[in-house]
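> When you get a sec, could you give me coordinates for this:
(one chain, ligands or ions: 1)
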Amino acid sequence: MARQRGPGPDDYLPASGVLDWTDPKRHWAQRPRPCRFCKGPTCLRDEGGRPSHKTCAEAHRARKQAHAEQAYEQRARRADQRELDAHTRQERIDEDADRSGRGPGARRRPGRGRL
Ligand SMILES: [Zn+2]
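Below you'll find the model as predicted:
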């Protein structure tokens, strides 16, 4: 019978950065087995029932999360950069238009005015 598993238990790390493995029925086994991360013996089990030190699981998830956040940030930064580039290009066009007299930029910035 298939064991029921939540969506990506490995990806889950609470905001505190500390897992709650206080339920011995879920996270404690009588017989020690090698931790899936450091291979050291442990009686602890993760959400998937795999032997794992709590600290190892936390470190693993923190790393994974940091990686995911980094990837997300990089994507966001690239999008920002694209927008910035487009904006900068537009400003340059406006400036050129200003310099050469009555361009589209002259009309598009009404009353930015004095301080
Ligand atoms: Zn370990």
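
> Which neighbouring elements make contact with the helix or strand hosting residue 70?
For residue 70, the element it lies in under DSSP states H and E is helix 54-99. Packed against helix 54-99, as judged by 3 or more Cβ pairs under 8 Å, 6 or more residues apart in numbering; DSSP states H and E, are the following elements: helix 104-108. (Each C-beta comes from the backbone N, C-alpha and C, glycine too.)

> The longest strand seen in the chain pairs with which strands?
Determined from DSSP state E, the single longest strand within the chain is strand 28-34. When pairing is defined by DSSP bridges, strand 28-34 lines up against strand 41-44 (antiparallel).

> got the buried residues for the partner strand?
Residues 42, 44 are the ones in strand 41-44 that count as buried (16 or more other Cβ atoms under 10 Å).

> now swap in stretch 42-59 and tell me
For stretch 42-59, by 16+ other Cβ under 10 Å, it's 42, 44-47, 51-54, 56-58.

> And for the longest strand of the chain, what's in contact with it?
Identification of contacts with strand 28-34 by Cβ atoms under 8 Å, 6 or more residues apart in numbering yields 40-45, 51.

> between those residues, which is closest to residue 18?
Nearest to residue 18 among those is residue 44, at 13.8 Å by Cβ to Cβ.

> Brilliant, that's me finished.
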